[in-house]
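Engineer: my questions concern the predicted model and sequence given below.
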Amino acid sequence: MADPKPPKQPPAFDIASLWSGTDDKKTILQRSRKDVFYRQGDAADALFCVLSGRVMLTATSARDRRAMIGTFVAGDFFGEGCLGGETVRPATATAMEECSVRRLERSRAVDLLHTQQAFAGLLLRYKLRRAVRAEQDLLSHLFLPTGKRLARELLSSAHFGKDGPPEVGIPEISHDMLALTINTSRPRVTAIMNEFREAGLISYNGGLCVHCSALRAFLDS
C-alpha cells in the first residue's frame, strides 16, 4: 500500500497581501516628526504597521500627567487593541521622525485573524515580544538606577544586538522625550548624557552616535 500523502502545508503568509485591493493613498500614511496618527479618546477603528521611522505611544492622565507607553519601529504593529474589544484609543500615537505607516481597517484585520492562520501567528508572536519587553521595562524602572535606564533606552533605540555594528547613529531624541521614556527630569537626562559623552559611551558627529559595546559594558557593570 502506498504511503499516505503528507498533508498540504498552507502557503506562507505574505504581509503585502494585507493591503491588496486597497487604495495606497488611503492606507499608506506619511507623517513628519510630531505628527499624530491618532489621539487618546479617538475611535479605535484600525490596526497600524510601521514601514519606516519610529512611532511613540503616550497617555495623559486626568491630572495632565503624561507617560510614555512604548516606541515602535519598522515591522511593529500598533493600535492592535481595536482587535480585542477596545472602542476608544487609550493613548496617542505620534511620529518621532519621518514615518511611513500602513493602516488596516479593523473589519479587515478581524477577517484576516479568522481566515489567515499565518497572520494570526504573526500578530501573536509580535504581542508576545511586546509582553516580554513590557516586563523588562517594568523591571528596569523598578530596579535600575537612572543612568542605566537611559543606557538601556539608547541601546534599544540603536537596535543593538550581538551581530550589530559597534557604533550606531540614531535619530537624535530630545532630552524631554528621553526623560519621559525613563521617568525622570530633563535636566537629569542632560547631565547623564554629558557624562556618557565624556566617558566615550556616546558622541555627536552630525547626530547622536551610540558606542554600543561600551554602553552595553556600562549597563552590565
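Structural biologist: Ah, there it is.

Engineer: spatially, what comes nearest to the most centrally placed residue in the chain if we skip its sequence neighbours?
Structural biologist: With distances taken as Cα atoms, centre = their mean, the residue of the chain nearest its centroid is residue 72 (1.6 Å). Leaving aside its chain neighbours, residue 72 sits nearest to residue 55 (4.5 Å; criterion: Cβ to Cβ, 6 or more residues apart in numbering). C-betas here are computed from N, CA, C, even on glycine.

Engineer: any idea how far residue 71 lies from residue 143?
Structural biologist: To residue 143, residue 71 is 21 Å away according to Cβ to Cβ, to the nearest Å.

Engineer: neighbour count: those two, which is higher?
Structural biologist: Neighbours per residue, other Cβ atoms under 10 Å: of residue 71 and residue 143, the larger number sits with residue 71, 19 against 9.

Engineer: beta partners of the more buried one?
Structural biologist: Assessed by DSSP bridges, residue 71 has beta-bridge partners residue 56.

Engineer: show me what residue 103 bridges to in the sheet.
Structural biologist: For residue 103, the beta-bridge partners are residue 48 (DSSP bridges).

Engineer: tell me, how many residues neighbour residue 213?
Structural biologist: Using other Cβ under 10 Å, residue 213 has 14 other residues around it.

Engineer: and it, what helix or strand is that in?
Structural biologist: For residue 213, the host element (DSSP states H and E) is helix 212-220.

Engineer: tell me the contacts of the residue nearest to residue 72?
Structural biologist: Residue 55 is in contact with 37, 48, 71-72, 76, 78, 93-96, 99, 101, counting by Cβ atoms under 8 Å, 6 or more residues apart in numbering.

Engineer: any stretches of the chain with poor pLDDT?
Structural biologist: 1-26, 159-169, 171-172 (pLDDT under 70).

Engineer: quick one, longest helix in this structure?
Structural biologist: helix 117-143 (DSSP state H).

Engineer: buried sites along that helix?
Structural biologist: Buried residues in helix 117-143, counted by 16 or more other Cβ atoms under 10 Å: 119, 122-123, 130, 137.

Engineer: now do the buried residues in stretch 181-197.
Structural biologist: Residues 181-182, 184, 188-189, 192-193, 196 are the ones in stretch 181-197 that count as buried (16+ other Cβ under 10 Å).

Engineer: distance to residue 220 added to these, as a markdown table?
Structural biologist: Shown next, in a markdown table, are those (distance: Cβ to Cβ, whole Å):
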| residue | distance to residue 220 |
| --- | --- |
| 181 | 21 |
| 182 | 18 |
| 184 | 21 |
| 188 | 22 |
| 189 | 21 |
| 192 | 17 |
| 193 | 20 |
| 196 | 15 |
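
Engineer: just those now: which is nearest residue 113?
Structural biologist: When these are ranked by distance to residue 113 (Cβ to Cβ), residue 181 comes first, at 31.0 Å.

Engineer: now find how far off-centre stretch 208-216 is within its chain.
Structural biologist: Distance, stretch centre to chain centre, for stretch 208-216: 20 Å (Cα atoms, centre = their mean, to the nearest Å).

Engineer: quick check: end-to-end length of that stretch?
Structural biologist: Using Cα to Cα, to the nearest Å, the end-to-end distance of stretch 208-216 comes out at 16 Å.
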